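In: Provide a 3D model corresponding to the input given below.
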Amino acid sequence: MPIPWKSSANVFAQILRQHGVDPDAVGNVDAAWDAFVEFLQIEIEGIEQPENDGDGFIVEWGRWSWNDDQPSLSFGRLLAVNDADDRDGPDWQPEYWKVDLQLIFAEGPAWADVDSLGHQDTGFDHDEIGAPRIAALREVRRFIESYPQLAAMWRAEPMRSGLTFEQVG
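Out: This next block holds a predicted model:
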């Protein structure tokens, strides 16, 4: 049963807790990932159809000013919301909202040069829910494991975390 797009962050938080993960104190990246994979299989209403890239996901890493330039890893779901009143207007565009679980790590020698990887994300993937999305998620996991810095970060315990839901772009 689809959930309303406005409830997506709350649903992700519930799934995290079912996996034994507090969104504000993630201690196990694997458990958070498992919850994210489950969350990505839930249909969301009020968004564009898959052929219009209405629902996508991304994994990002790096150091950003908003987290004190600490090494970070995030799991995000991007929703192209289509429930605007003026949908038939000539300039109508969907609103983009992102549910994002950000994991922030203490400095560590294994990932000290995480910014040197040449890219800081997997790119958005818009595969449909079900087998195509599961295959895409497996590929993302293989990609992350292929970089020692990211694999080491994945196995570490974050020093803090947070779940956000905000309009982007």
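In: going forward, measure contacts between C-alpha atoms and count neighbours the same way
Out: OK.
In: The longest helix belonging to the chain packs against which elements?
Out: If you go by DSSP state H, the chain has its longest helix at helix 131-145. For helix 131-145, the packing partners by 3 or more CA pairs under 8 Å, 6 or more residues apart in numbering; DSSP states H and E come out as helix 148-155.
In: Can you mark which positions in the helix it packs on are buried?
Out: By neighbour count on 16 or more other CA atoms under 10 Å, the buried set for helix 148-155 is Gln149, Leu150, Ala151, Met153, Trp154.
In: Mind pulling up the pLDDT for the residue nearest to the fourth one when sequence neighbours are not counted?
Out: Looking back up the chat, that one is Met153. Once flanking residues are discounted, Met153 sits nearest to Trp111: 6.5 Å by CA to CA, 6 or more residues apart in numbering. Looking at Trp111, its pLDDT stands at 84.
In: so what's Arg133 up against?
Out: When contacts are counted by CA atoms under 8 Å, 6 or more residues apart in numbering, Arg133 touches Gln41, His126, Asp127.
In: The residue positioned nearest the centre of the chain bridge partners, please.
Out: In the chain, the residue lying closest to the centroid (CA atoms, centre = their mean) is Gly76, at 1.6 Å. In this entry, Gly76 is beta-bridged to Ile58, Asp100, by DSSP bridges.
In: roughly how far apart are it and Ala25?
Out: As defined by CA to CA, to the nearest Å, Gly76 lies at a distance of 17 Å from Ala25.
In: Ala106 too?
Out: Separation of Ala106 from Ala25 (CA to CA): 14 Å.
In: what sits in contact with each of these two?
Out: Counting by CA under 8 Å, 6+ apart, the contacts common to Ala106 and Ala25 are Pro158, Met159.
In: So what's the residue count around Trp64?
Out: Trp64: 11 surrounding residues under other CA atoms under 10 Å.
In: next one: the one 10 residues further on
Out: Applying other CA under 10 Å, we find 19 other residues in the vicinity of Ser74.
In: SS state for it?
Out: Secondary structure state of Ser74, per DSSP: H, G, I helix; E, B strand; the rest coil, is strand.
In: Spell out the residue ranges of the strands in the chain.
Out: Along the chain, counting by DSSP state E, strands occupy 3-4, 44-45, 55-63, 71-81, 95-104, 160-168.
In: Adjacent strands (with direction) for the second one?
Out: Right, strand 44-45. Here strand 44-45 has these sheet partners by DSSP bridges: strand 3-4 (parallel).
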